[in-house]
Structure formats: structure tokens, C-alpha cells
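**Q** Just need the structure, nothing else, for what follows:
(one chain, ligands or ions: 1)
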Amino acid sequence: MKAYIKGIGSCVPARKVSNDDLAKTVDTSDEWIYSHTGIKNRHIVEEGGAASDLAFGAALAALKDCGENAAAVDMILVATVTPDYLGFPSTACVVQDRLGARNAAAMDISAACSGFVYGLEVARVFIEGGVYKNILVIGAETLSRITNWKDRNTCVLFGDGAGAALVSAGDGTADSSGRGIIVSHLEADGSGGSALIRPDGGSRNPFAPDRAPGDTLFFRMDGGKVYRFAVDALGRVGEILLAKAALDISSIDFIIPHQANIRIIEACAKRLSLPLDKFYINIQEFANTSSASIPIALADMKQKGILKAGQLIMTVAFGAGLTCGGNIIRW
Ligand code: UT7
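**A** Predicted structure coming up:
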């Protein structure tokens, strides 16, 4: 029995912010952003919007996609670096309440942009271990809430959004054709933690009533360091996944990479000797939505009729931590 993705959905804020919009308030340009990253737009939540709002919308869309209801969900995993609340309650618990998923356990996963591929593997193990039958894996981010909008090195790169997958136990027919999560690979290199970090608000540097919050409230990034890690990680994870599954790259129909920078995706294509059109890319519209970028891409592909039953797809992601990982899935 294999765990497979039964339903997929996404939820992205309606408010679109273009590169030209940003250039009105930060020293940047559409030309710089597009040529260095491939980004044209990002979507940003309205004032008051939180990760659970998007996660809830994506979860509803994933359940609708496969005709399941919330009562059938045994567990909710929300991968996020922008939880509604710092520490507790988890965003997964907020979503569980809003869905009315009374039978579901709920917890958050903190693996940054690799969170969704981590979540798929956690779900696979719970399901194939016989513990649960239906697990909602959600990547949900409101990065706009922790972005320093004066820092052009970061603020042009990110966007808000959520994507969700209902991962279910094969019933003997759904997985008879090999449909399911075939293999995953997860890694971490904590020595690179300072390359992408939100220093304040945790137990190391707690908020204090007598200290005015400064720019350390926001996340900061050593872009070059993350770039070098990413270029190595994506290709290497791809090669490891293929070796684990004993598959040749030629059998993969599509690669769904974390959407962080088109140049990182191009480097991955080169390393895997694949043309760029084997990669699904929507960074131009949504920018980097961290843990949400891969499920948003999957939902996009499904909606456009690009994803078809029986196809072999590979996800590859990297992010803060530093973390990286991926999955090979028979759709
Ligand atoms: O999900 C994981 C999250 N993080 C990432 O994936 C980020 C990975 N890193 C990257 O994608 C790239 O390193 C960046 C897009 C962040 C930067 O691209 P780059 O080609 O490596 O640019 P750079 O850092 O070498 O900067 C080149 C110049 C600098 O000016 P000087 O020092 O050469 O005069 C920057 O100050 O570009 C400047 N610059 C900008 N100019 C206009 C940096 N950001 C901007 C901007 N607009 N938004």
C-alpha cells in the first residue's frame, strides 16, 4: 500500500504587487528584479491576513479536488515559517478548528522552504506505517509580515500563498498502477543557519518590553551563500532521489522545483542535463512563497491539465536551516 496525493489545491491572495509597484518605494527596478530572479509579481495578503487564512483556503481546495470532507482527515501538518502565533498554538491547530476536522491531530513543521517536501515524507511514513489514512499537508506563508520592506536584498524576492495536498492511503486500486510517493530524500546543514535567519522573537532573543523592536524583527539573508547552497543542493537531491528510486532522469515527466530564483532552476537543469521545459516554473507570478511554492505549482499544473495520471514527477527544494530535500511521485 502506497501513500498518494489524492487532492491538491492552493490559495493565493488577490492583491498583486508588481516589480514596478515596489520600485516606487524601494531603490530597485523591474529590469534588475526580473533579470536577477525571473520574478515579475508577487501576491500579498491584506492587512490582518495570517498564514492560517491561506492554509484554510488551500485545504478546502484540496479536499474539494478529491471530494473528501474534513471529518475524514486524521492529521493536519502545516509547514510554515510565518505561523499565526509565535510558538503556540500551532497554525495547524487553527486550521483544524476552522475546518471542523475534529478527528485530526495537528502540528506544524519548521523546515522553511523545504517544509512541504518534508511534510510529504512525514505523511507517507504515518500512512504506510498504518497509523493514518488521510493527512493534509499544507505549505502556508505570509512572508510579507516578517519582511523588511526597506531592504531591497530581500523584499523583492518573496510573496504570500498556500498550497495543500491530501495524502491518502492507497485502496488497492488507486495505487495498483504504482501511483504514490515513491521515494523522498531529506537533508539539513544547521551550520548554515545564519545565512537566512529571523533573529528576534524566539528564546535566544525574546521580545522585551524595555527594548524597541528594530530591524532584527524581520528576517535577513546572505543571498550569495544561500544561492551557492541552493545550486548544489537541488541538483544533488535530484541525483540522490533518482539513485534511491533506481530511475533514470529520462523517465521523469516534470520537475517541480522550489520557486526561489530562475537562475537556480537553470543551474539545476544543467546539472541534471535536462531542458528547462521539463521544469514547472511560475516564479514570475508568485515570487518565492517558501513552503507554499511547490504545492502552489502542483495545483497550478493540475488546474491547467498539465499533470496527468501515471506521470512521474520530482520535487526539489532548499531553504533556511539550511535544509533541502525532494520526492519522486507517481501522479
Ligand atoms: O527560499 C530560499 C530563499 N533565498 C534564496 O533563494 C536566495 C538565493 N540568492 C539569490 O537568489 C541571489 O543571490 C539574489 C537574487 C538574492 C541576489 O542576486 P545576485 O545576482 O547574486 O546579486 P548580488 O547579491 O551579487 O548583488 C548585485 C548588486 C549589488 O550591488 P553592488 O554591491 O554590486 O553595487 C546589490 O546591492 O545588486 C544590488 N541589488 C539590487 N539592485 C537593485 C541587490 N538587490 C537589489 C534590488 N534592486 N532589489
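
**Q** Contact residues of this structure facing the ligand?
**A** Applying Cβ under 6 Å from any ligand atom, we find that the chain lies next to the ligand at 28, 32-33, 36-37, 113, 152-153, 156, 221, 223-224, 226-227, 230, 260-261, 288, 319. All C-beta atoms are positioned from the backbone trio N, CA, C, and that covers glycine.

**Q** how far away is residue 75 from the ligand?
**A** Per Cβ to the nearest ligand atom, to the nearest Å, residue 75 is found 26 Å from the ligand.

**Q** scratch that, residue 62
**A** Distance, residue 62 to the ligand, using Cβ to the nearest ligand atom: 23 Å.

**Q** cool, residue 321 as well?
**A** Counting by Cβ to the nearest ligand atom, the gap from residue 321 to the ligand is 10 Å.

**Q** swap in residue 126?
**A** 26 Å.

**Q** show me the contacts for that residue.
**A** Going by Cβ atoms under 8 Å, 6 or more residues apart in numbering, residue 126 touches 75, 132, 135.

**Q** Name the member of the residues you listed with the most neighbours.
**A** The residue in the contacts of residue 126 with the most neighbours, by other Cβ atoms under 10 Å, is residue 135 (26 neighbours).

**Q** mind listing the strands for the stretch 151-300 of the chain?
**A** For the stretch 151-300 of the chain, the strands defined by DSSP state E, counting those that start in this stretch occupy 160-169, 180-188, 196-197, 220-221, 254-257.

**Q** so how far does stretch 97-105 reach from one end to the other?
**A** End-to-end distance for stretch 97-105: 11 Å, by Cα to Cα, to the nearest Å.

**Q** Residues touching it, excluding its own?
**A** By Cβ under 8 Å, 6+ apart, the list of residues contacting stretch 97-105 from outside reads 52, 56, 59-60, 70-76, 95-96, 136.

**Q** burial count for the residue in the stretch 201-331 of the chain that the ligand sits nearest to?
**A** Relative to the ligand, the nearest point of the stretch 201-331 of the chain is residue 223 (2.9 Å; Cβ to the nearest ligand atom). When neighbours are counted by other Cβ under 10 Å, residue 223 registers 15.

**Q** and residue 213, what pLDDT?
**A** For residue 213, the pLDDT comes out at 69.

**Q** With adjacent residues omitted, what lies nearest to the residue of the stretch 201-331 of the chain closest to the ligand?
**A** Nearest residue to residue 223, sequence neighbours excluded (Cβ to Cβ, 6 or more residues apart in numbering): residue 153, at 6.0 Å.

**Q** what does residue 260 give?
**A** Nearest non-adjacent residue to residue 260, counting by Cβ to Cβ, 6+ apart: residue 288, 4.7 Å away.

**Q** Quick check on residue 13: phi, psi?
**A** The phi/psi pair for residue 13 (degrees, to the nearest 10) reads phi -60, psi 150.

**Q** Hmm, it is touching residue 45, no?
**A** Yes: applying Cβ atoms under 8 Å as the test, residue 13 and residue 45 come out as touching, 4.7 Å apart.

**Q** tell me the centre residue of the protein?
**A** Central residue of the chain (Cα atoms, centre = their mean): residue 291, 2.2 Å from the mean position.

**Q** what residues are up against that residue?
**A** Residues in contact with residue 291 (Cβ under 8 Å, 6+ apart) are 79-81, 111-116, 119, 139-141, 319.

**Q** which two from the contacts of stretch 97-105 end up farthest apart in space?
**A** 52 and 72 (20.4 Å; Cβ to Cβ).

**Q** Please say which of those two ends up with more neighbours.
**A** residue 52 (28 against 15).

**Q** Report the contact partners of the more buried one.
**A** Applying Cβ under 8 Å, 6+ apart to residue 52 gives the contacts 78, 84, 91, 94-95, 98, 140.

**Q** now with 6 Å?
**A** 84, 91, 94-95 (Cβ atoms under 6 Å, 6 or more residues apart in numbering).

**Q** picking up where we left off before, which members of the contacts of residue 126 are positioned in strands?
**A** Cross-referencing those against strands under DSSP state E gives 75, 135.

**Q** which among the contacts of residue 126 gets closest to residue 201?
**A** When those are compared for distance to residue 201 (Cβ to Cβ), residue 75 wins out at 27.4 Å.

**Q** re earlier: neighbour-wise, which of the contacts of residue 52 leads?
**A** In terms of neighbours by other Cβ under 10 Å, the contacts of residue 52 top out with residue 95 at 32 neighbours.

**Q** Beta-bridge partners for the residue nearest to residue 260, please?
**A** In this entry, residue 288 is beta-bridged to residue 158, by DSSP bridges.

**Q** What separation do you get for it and residue 114?
**A** Look at residue 288 and residue 114: by Cβ to Cβ, to the nearest Å, they are 13 Å apart.

**Q** Only alpha carbons, please: show stretch 324-331 as PDB.
**A** What follows is stretch 324-331, C-alpha atoms only, in PDB (Å, rounded to 0.1, in the frame of the first residue of the first chain):
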ATOM      1  CA  CYS A 324      16.900  20.600   1.300                       C
ATOM      2  CA  GLY A 325      15.000  17.700   0.000                       C
ATOM      3  CA  GLY A 326      12.700  16.200  -2.500                       C
ATOM      4  CA  ASN A 327      10.300  13.500  -3.500                       C
ATOM      5  CA  ILE A 328       9.600  11.300  -6.600                       C
ATOM      6  CA  ILE A 329       5.900  10.800  -7.000                       C
ATOM      7  CA  ARG A 330       3.900   8.700  -9.500                       C
ATOM      8  CA  TRP A 331       0.900  11.000 -10.000                       C
END
